[in-house]
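Novice: Need the 3D shape of this:
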Amino acid sequence: MLVRPRKLLITGPRRSGTTLIANLLNAHEHVTIYRDYLHLSKLQQRMGNPKLDTRMSDAQKRVLLQFFLNEDNAKLGVELNLDPAEFSNLREFYVCALSRIALFGDVVVGHKTTGAYAVLGELLNLVPDLKIIYVVRDPRDVIASSLKRFEEESKETVYDFVWDWRKSRSAVRFHMESKGCSDEVFLLRYEDLLLSTEETLARLATFLDVEKLEVPESLTDYGTPWKGNSSFDSLSRTLDPAPIGRWKAENPNAGKIVEVLLKKEMIHDGYVPEFENATLFFRFRVRIGMLGSQIRFVCLQPAMKLKRRIQRQRRRKRVALSKGRT
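Specialist: Here you go, the predicted structure:
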């Protein structure tokens, strides 16, 4: 009897170790995980933010497939044959896209994507066999790594990364504590995986209901060798603890700012603050910086919505033109 594989979403803030978890699980013979595949929240935004169970017209489904196949998956080199007749809304599309990558004998099929907190509630409500691994990492390391990796190309500040981390973490805590979804969500501490590997993998295997999880000698990423995507330097082995606490040497000032803004969340997740004696002036300056970042985001929202609306109109015109040529 053919068993339908369970669905899995691996998510967390950027630079939290989600790619490591995805490639580690993908090494299991009965698990298939695609990294940076099926960015459902981005697809939802591009479609005008409909609910996942809102029925789509044929034209909308063609536009969705265009986004998904030509933009997202083209970067990964993944080729999928999806028919608009196979789904009627984003939820069915999500299930269909996951089933397409499952291999014979899989017991778990899933994907990894950061920034998925906006759709967690709908996914948990509408996809009953979905499980979620949320990767938690010391926010000081997350943000130091994010600043190193993204600051120049995205112009984001330490405050932007703090806000993104907080929104993501708050969404997961809300669904676990207020909505009673603790059985469907596994909080995986990055540091526990590296320092208490056997115990952490045993708990993860129980959560996924798979055979024993082991650490292979090497990992692959879409068929090519993968040794980590550290912002600072290459890693020496599959689960190298070197990135833990690296913020102290690389960006202690960012770590200090993070502690002022995220001290409560850090303590809740088991991370120990190290700057208890920050001056009142420093704390005030940090709070003002965070407020400025939030005001900037609110002010930019109308402009971003207008930009997305114009982009959607242009894409509809392109689709209409392509239909006219055929």
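Novice: Could you pull out the helices in this protein for me?
Specialist: Applying DSSP state H to the chain gives helices spanning 18-26, 40-46, 58-65, 73-76, 90-101, 120-126, 139-154, 158-173, 190-195, 197-208, 247-250, 252-268, 280-325.
Novice: Of those, which shows the lowest average pLDDT?
Specialist: Of all the helices of the chain, the minimum mean pLDDT falls on helix 73-76 (a mean of 67).
Novice: quick revisit: quick one, which of the helices of the chain is packed in tightest?
Specialist: Comparing these by mean neighbour count (mean count of other CB atoms under 10 Å), helix 18-26 ranks first with a mean of 23. Using the backbone N, CA and C atoms, a C-beta is placed for each residue, glycine as well.
Novice: Next, the angle from that helix to helix 197-208.
Specialist: 70 degrees (axes from the mean of the first three to the mean of the last three CA atoms, to 10 degrees).
Novice: elements contacting helix 18-26?
Specialist: On a contact count with 3 or more CB pairs under 8 Å, 6 or more residues apart in numbering; DSSP states H and E, helix 18-26 meets strand 6-11, strand 31-35, strand 108-112, strand 130-136, helix 190-195, strand 219-221.
Novice: Show me the contact partners of that helix.
Specialist: Helix 18-26 is contacted by residues 8, 10-12, 31-36, 108, 110-114, 133, 135, 188, 190, 193, 208, 213, 215-216, 219-221, 226, 228-229, 238-239 when judged by CB atoms under 8 Å, 6 or more residues apart in numbering.
Novice: For PyMOL, what selects the buried ones among the residues you listed?
Specialist: A single PyMOL command selects the buried members of the contacts of helix 18-26 (16 or more other CB atoms under 10 Å):
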select buried, resi 8+10+11+12+31+32+33+34+35+36+108+110+111+112+113+114+133+135+188+190+193+208+213+219+221+226+228+238+239
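Novice: Val109 bridge partners, please.
Specialist: Beta-bridge partners of Val109, counted by DSSP bridges, are Lys7, Thr32.
Novice: My read is that it contacts Thr32, right?
Specialist: Yes. Using CB atoms under 8 Å, Val109 is in contact with Thr32, at 4.9 Å.
Novice: Find residues that contact each of the two.
Specialist: Common neighbours of Val109 and Thr32 (CB under 8 Å, 6+ apart) are Pro5, Ile101, Ala102, Leu103.
Novice: Quick check: of the residues you listed, which has the highest neighbour count?
Specialist: Pro5 (21 neighbours; other CB atoms under 10 Å).
Novice: Since that was my last question, I'll sign off now.
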